[in-house]
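[1] Pasting a predicted model and its sequence here:
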Amino acid sequence: MIKNKETPVDLFSHELVPKHILLTKDEVEELLRTYKIKPYQLPRIKESDPAARALNAKPGDIVKIVRRSPTAGQAEYYRYVTEEK
């Protein structure tokens, strides 16, 4: 159960909220090397997003989102955490 003082409930326990995982430094390096990309080339998620806040994600972090897919079973998406502007 992931809770913090700003989110009094477990956001990820709801069936419609996909699993969010904060990547480690090694996982980020592997991801960027595999796809030959820079972090800023990924789609973005603001640090103020409720899921990013629940993970305590900071600007520069990368979040992996695992969604259910009717064709693939599960699909992985990545988001680059940016600051609020």
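    In hand now; what should we look at?
[2] alpha carbons only for contacts and neighbour counts from here, please
    Will do.
[3] which helix is the longest one in the chain?
    With secondary structure taken from DSSP state H, the chain has its longest helix at helix 25-35.
[4] contact partners of that one?
    38-39, 62 (CA atoms under 8 Å, 6 or more residues apart in numbering).
[5] For the chain, just list every one of the strands.
    Listed in chain order, the strands found in the chain under DSSP state E are 19-22, 44-46, 62-69, 73-82.
[6] Reformat those strands into a markdown table and put distance to Ala54, mean neighbour count and mean pLDDT next to each item.
    Putting those into a markdown table (distance: least, CA to CA, whole Å; neighbours: other CA atoms under 10 Å; pLDDT from 0 to 100) gives the following:
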| stretch | distance to Ala54 | mean neighbour count | mean pLDDT |
| --- | --- | --- | --- |
| strand 19-22 | 10 | 18 | 94 |
| strand 44-46 | 12 | 19 | 96 |
| strand 62-69 | 12 | 17 | 94 |
| strand 73-82 | 13 | 16 | 96 |
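[7] Now distance to Asn56 too, for these, in TSV please.
    What follows is the strands of the chain, written out as TSV (distance: least, CA to CA, whole Å):
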stretch	distance to Asn56
strand 19-22	9
strand 44-46	12
strand 62-69	11
strand 73-82	11
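[8] Tell me which residues touch the one residue sitting closest to the centre of the chain, please.
    Centrality entry for the chain: nearest residue to the mean C-alpha point is Val63, 2.4 Å, by CA atoms, centre = their mean. For Val63, the contact set (CA under 8 Å, 6+ apart) comprises 20-23, 52, 57, 78-81.
[9] Run through the bridge partners of it.
    Beta-bridge pairing of Val63, defined through DSSP bridges, involves Leu22, Arg79.
[10] what about it, distance to Glu76?
    Noted for Val63: a distance of 10 Å to Glu76, by CA to CA, to the nearest Å.
[11] again with Thr82
    Using CA to CA, which is the criterion applied here, Thr82 is 19 Å from Glu76.
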